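# I'll drop the sequence and a predicted model, then ask my questions.
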Protein chains: 4
Amino acid sequence: MIHVTIWNEFRHEKTDKAVQEMYPKGIHGQLAEFLKEDFTVKTATLDEPEHGLSEEVLSETDVLLWWGHVAHDEVSDEVVARVHQRVLEGMGLIVLHSGHFSKIFKKLMGTSCDLKWREDEKHARVWNVNPSHPIVEGVGEYIDLEKEEMYGEHFDIPAPDELIFVSWFPGGEVFRSGVTYRRGNGKIFYFQPGHETYPSYYNEKVQRVIKNGVRWCRPTENTYPHYGHFEALEKEEEETK
Amino acid sequence: MIHVTIWNEFRHEKTDKAVQEMYPKGIHGQLAEFLKEDFTVKTATLDEPEHGLSEEVLSETDVLLWWGHVAHDEVSDEVVARVHQRVLEGMGLIVLHSGHFSKIFKKLMGTSCDLKWREDEKHARVWNVNPSHPIVEGVGEYIDLEKEEMYGEHFDIPAPDELIFVSWFPGGEVFRSGVTYRRGNGKIFYFQPGHETYPSYYNEKVQRVIKNGVRWCRPTENTYPHYGHFEALEKEEEETK
Amino acid sequence: MIHVTIWNEFRHEKTDKAVQEMYPKGIHGQLAEFLKEDFTVKTATLDEPEHGLSEEVLSETDVLLWWGHVAHDEVSDEVVARVHQRVLEGMGLIVLHSGHFSKIFKKLMGTSCDLKWREDEKHARVWNVNPSHPIVEGVGEYIDLEKEEMYGEHFDIPAPDELIFVSWFPGGEVFRSGVTYRRGNGKIFYFQPGHETYPSYYNEKVQRVIKNGVRWCRPTENTYPHYGHFEALEKEEEETK
Amino acid sequence: MIHVTIWNEFRHEKTDKAVQEMYPKGIHGQLAEFLKEDFTVKTATLDEPEHGLSEEVLSETDVLLWWGHVAHDEVSDEVVARVHQRVLEGMGLIVLHSGHFSKIFKKLMGTSCDLKWREDEKHARVWNVNPSHPIVEGVGEYIDLEKEEMYGEHFDIPAPDELIFVSWFPGGEVFRSGVTYRRGNGKIFYFQPGHETYPSYYNEKVQRVIKNGVRWCRPTENTYPHYGHFEALEKEEEETK
């Protein structure tokens, strides 16, 4: 059984009526709602001690989801370093929507992670450009979202290891909206849908993608590589010379 | 000085009035018009002997451009094999628009190279998603095309070595419209604009991209790798054992 | 349950005593021996009608393994086209050792697939350079092979989608010995070990890699993309203009 | 003319006799020696004010080289942030040898950048695995180094955008020794040779690679992308709705 921890900033939901109505249990609550059908799920939020991400919680987490927006700067550098270390050790990480600007995503990417954006109550279409990838299993050729915030290129990320989705927006923009990366022993999936006042996390295809993403991100059982000084493996050769 | 050969099927221009009016000297003629500003340019067409691509012509070509559409099947397998061999040896290849379905592109890609398409007299926008790449030099964030045929995902190509452009179409589609590949010692650039009845090859930014592409594709001066049986380089070791 | 078909040329085993002794049931027999622990396994060989790869067999195959060496040219183009089509439709393909020079691998890669080689009864070491990949699960940092044929760079393949293993040879060579590709809806894994007179397919780590590869290659349940003429999805917009 | 700034930690040369003898003008001095044949060259070192990397110096630098080893931690975070920002804006960066552990490389990669290492006075062989890349122009199939420090896999870096070189070491290790990345508008090349007591920077092929790398890394003339709030480009459509 895969152990998933859903981290949500959980601030919009406390102050903004439109967000409360869209996600009455919080964005993490709605993500948990469908993820618990397939996985063992915990949630954690910014205002908990250590943001809910103690060493113990992280050590028991196979895949961490991250949703943040207005309070990226309030996430402590210590917790960011801890999450970063866990990713390098093998924990999967799924970064959602405005999490593109989180400290942890920027630290893993090494770039500004900046982009164009616009809230205009318009629809969007998420095209599958990687039909053999397990993340798109059951999703078909595209996902129609009735409303989604426009995120547009240039998206300042490293060239993804795998490009999974490219989004179309009616205002004339495109966006690499589903991308994967490997960092150390860990796997990362960024997925764009999820503006706080739009119903994307109720969309069944979006839910399917996130579930597929969790499975794809799960840690690979493997010895962590040995780093540092290393004795030659070709011993005999040494001696004969 | 880079030696460019422009290959054009040159059939539409002989029979279709709209194409004649758009490209009175042929598509190859218009491509030559701006490429000769920077390079030494030859042209070759389907109905010439050996399609204009003799061993001699190819051996003197640094970068070959390819535009074809209705007569892909009339290109002889022998000439395709010859072009393929030259690419592996280092010749650059720029495949334009409907050339995605040419024998040579399919042979180099290993996939069907199929896609969605629609002619609807609409505009298009070609987004630059790779701002540090020499192919986008001087192009800015996007290219607005007043009219271009819709090509849409899924585009059945291998994951590109480098994704340079992604196009937006008003009908709701996206397309990986500028992609690069390396095959053997050769470099390949596919670029989508160039429907035969639309003025894309008069667009200055499109011209700039193609010129940049020629420079990027030029052969690298290098020894062709040695293949086949190979004596061990670590000789002494052999003896001591 | 994943359905695996193991294709083996099965010629060396009929004529060469050393190969018979190493693989008394044929190379396919030894591959089947460990793969049937986890999968439903069939075998097929060159000298069967249609090389054992009828439409029916292929349509029931999730993942095809390919071992060939001296008789690549005897594989009919029709069967190669059939296998190619099935890969584009989603069938996984694992190409082993000298299969690098098979018609099907060359057709999927678009390159010569040539390399350096040497049989010298020496050992080899296969380094894992992709520790988070499911193909390396349980394999650790490297695989020591007591004997393996040297395959050396330059290996004339497209830049792999994922580089999994790099091999070290005592004569002074390196080789990208585990690489993955996606083509159409299908996934491909090339893995170098497996010279016909050496015991690599008895090595437990090699067996583990091949089993992991089968799971990684399995088809993704997905609608095959729609290609060809495509009506605009943004209908309303059309009408208002 | 490309403006190159060579940054060297310049500590070993002040205290270690073997390094002084190998590189009497400092490692930066030897790098400058051959780079000034083709480029406009400046040098900068750790113990200068702002480590020699003021805003002014960086704004006039097209490509920055980085060699550091024992004093990575003494490089101020402010200067690292400044260099990072300049890379995102387009400055090229070449990281040499032990620079893999520099703050700037780790910040751009997002990983630990750790590896195996061993000083054993042995030789090394740097294999070219990307024969069409401009960085390998004139280098041939491999570079023999009479002595080089062993760096071995796993090298904890993101999957490179382009893999250029793979090194072989007599003790039994391999290493991805030449890799490129794009970050923001900037290009990065990491190249492994250059231990402080070994003569790699006198090797003509190593010199050729570094010169080629400078040309490949040069900034692309381009508008910096627009980030942040963005008005829809498809204005008419907005109105008709």
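That came through fine.
# From here on, just use CA atoms for contacts and neighbour counts.
OK.
# Would you confirm that A:Tyr23 contacts A:Lys14?
No. Distance between A:Tyr23 and A:Lys14: 10.6 Å, which falls outside the contact criterion (CA atoms under 8 Å).
# who's more crowded, those two?
Neighbour tally, A:Tyr23 and A:Lys14, criterion other CA atoms under 10 Å in any protein chain shown: the higher count belongs to A:Tyr23, 22 against 11.
# which residues of chain A score low on pLDDT?
Counting by pLDDT under 70, chain A shows low-confidence ranges at A:236-241.
# same thing but 90
Low-confidence segments of chain A (pLDDT under 90): A:221-224, A:235-241.
# all helices of it, in order?
Remark: helices assigned in chain A by DSSP state H are A:12-15, A:17-22, A:26-35, A:55-59, A:77-89, A:103-109, A:204-217, A:235-240.
# okay if I get those as CSV plus distance to D:Tyr227?
Listed next are the helices of chain A as CSV, based on distance: least, CA to CA, whole Å:
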stretch, distance to D:Tyr227
helix A:12-15, 23
helix A:17-22, 25
helix A:26-35, 26
helix A:55-59, 33
helix A:77-89, 25
helix A:103-109, 16
helix A:204-217, 26
helix A:235-240, 55
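# Any idea which of those helices gets closest to C:Asp77?
For these, the distance to C:Asp77 is smallest for helix A:204-217, at 36.2 Å, taking CA to CA.
# Which strand runs longest in chain A?
Determined from DSSP state E, the single longest strand within chain A is strand A:174-183.
# Between the helices of chain A, which one is closest to C:Ile157.
helix A:204-217 (26.6 Å).
# what sits against A:Ile6?
Contact analysis of A:Ile6 by CA atoms under 8 Å, 6 or more residues apart in numbering or on different chains lists A:28, A:31-32, A:41-44, A:64-66.
# do you know how far the nearest residue to A:His123 once chain neighbours are set aside is from B:Val70?
For A:His123, ignoring the flanking residues on the chain, the nearest one in space by CA to CA, 6 or more residues apart in numbering or on different chains is A:Lys147 at 4.1 Å. Counting by CA to CA, to the nearest Å, the gap from A:Lys147 to B:Val70 is 41 Å.
# out of the two, which sits in the busier spot?
Shown here are A:Lys147 and B:Val70; by other CA under 10 Å, A:Lys147 has more neighbours (20 against 14).
# That one: what's it in contact with?
Counting by CA under 8 Å, 6+ apart, A:Lys147 has contacts A:121-124, A:198-200.
# What parts of chain A come near chain B?
A:125, A:127-130, A:141, A:153-155, A:166-170, A:172-174, A:237, A:240-241 (CA under 8 Å from any CA of the partner chain).
# Buried ones among those?
A:125, A:127-130, A:141, A:153-155, A:166-170, A:172-174, A:237 (16 or more other CA atoms under 10 Å in any protein chain shown).
# now, which of those residues lie close to chain D?
A:154, A:170, A:172-173.
# wait, which of those residues is closest to chain C?
A:Pro170 (8.8 Å; CA to the nearest CA).
# For that closest one, give me phi and psi.
phi -60, psi -20 (degrees, to the nearest 10).
# So it sits against A:His123, correct?
Yes. Counting by CA under 8 Å, A:Pro170 does reach A:His123; the two are 7.2 Å apart.
# Contact partners for A:Asn130?
A:136, A:163-165, B:154, C:185.
# tell me which of those residues is nearest to chain D?
A:Leu163 (13.3 Å).
# which residues does that closest one contact?
A:129-130, A:176, A:178-180.
# Of those, which pair is most distant in space?
Spatially, the most separated pair among the contacts of A:Leu163 is A:Val129 and A:Thr180, at 12.9 Å (CA to CA).
# list residues touching both of the two?
Contacts common to A:Val129 and A:Thr180, judged by CA under 8 Å, 6+ apart, are A:163-164.
# thinking again about what came up before, pick the one among the contacts of A:Leu163 closest to chain C.
Nearest to chain C out of those is A:Asn130 (CA to the nearest CA; 7.9 Å).
# Next one: the spatially closest residue to A:His28 that is not a sequence neighbour relative to A:Ala71, how far apart?
Using CA to CA, 6+ apart and skipping the chain neighbours, the partner closest in space to A:His28 is A:Asn8 (5.6 Å). For A:Asn8, the distance to A:Ala71 (CA to CA) stands at 11 Å.
# Give me the more crowded residue out of the two.
A:Asn8 (25 against 13).
# which residues does the more buried one contact?
A:27-28, A:43-46, A:66-68.
# got it, and A:His123?
Taking CA under 8 Å, 6+ apart, we find A:His123 in contact with A:144-148, A:169-170.
# With A:Trp7 instead?
A:28, A:43-46, A:64-67.
# Most neighbours out of those, which is it?
In terms of neighbour count, A:Leu64 stands highest of the contacts of A:Trp7 at 28 neighbours, by other CA under 10 Å.
# so that one makes contact with A:Ile94?
Yes. Counting by CA under 8 Å, A:Ile94 is a contact partner of A:Leu64 at 6.2 Å.
# Just the ones in strands from the contacts of A:Trp7, please.
A:43-45, A:64-67.
# Could you dump those residues into a markdown table with distance to A:Lys103 added?
Shown next, in a markdown table, are the ones in strands among the contacts of A:Trp7 (distance: CA to CA, whole Å):
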| residue | distance to A:Lys103 |
| --- | --- |
| A:Thr43 | 19 |
| A:Ala44 | 17 |
| A:Thr45 | 15 |
| A:Leu64 | 15 |
| A:Leu65 | 14 |
| A:Trp66 | 11 |
| A:Trp67 | 12 |
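# who in chain A is up against chain D?
Residues of chain A lying near chain D (CA under 8 Å from any CA): A:88, A:107-112, A:114-118, A:154, A:156-159, A:161, A:170-173, A:181-184, A:225-235, A:238.
# Give me the buried entries from the residues you listed.
By neighbour count, with 16+ other CA under 10 Å, these hold A:88, A:107-112, A:114-118, A:154, A:156-159, A:161, A:170-173, A:181-184, A:225, A:227, A:230, A:232 as buried.
# thinking again about what came up before, give me the subset of the residues of chain A next to chain B that lies in strands.
Residues of the residues of chain A next to chain B located in strands (DSSP E): A:125, A:127-128, A:166-168, A:174.
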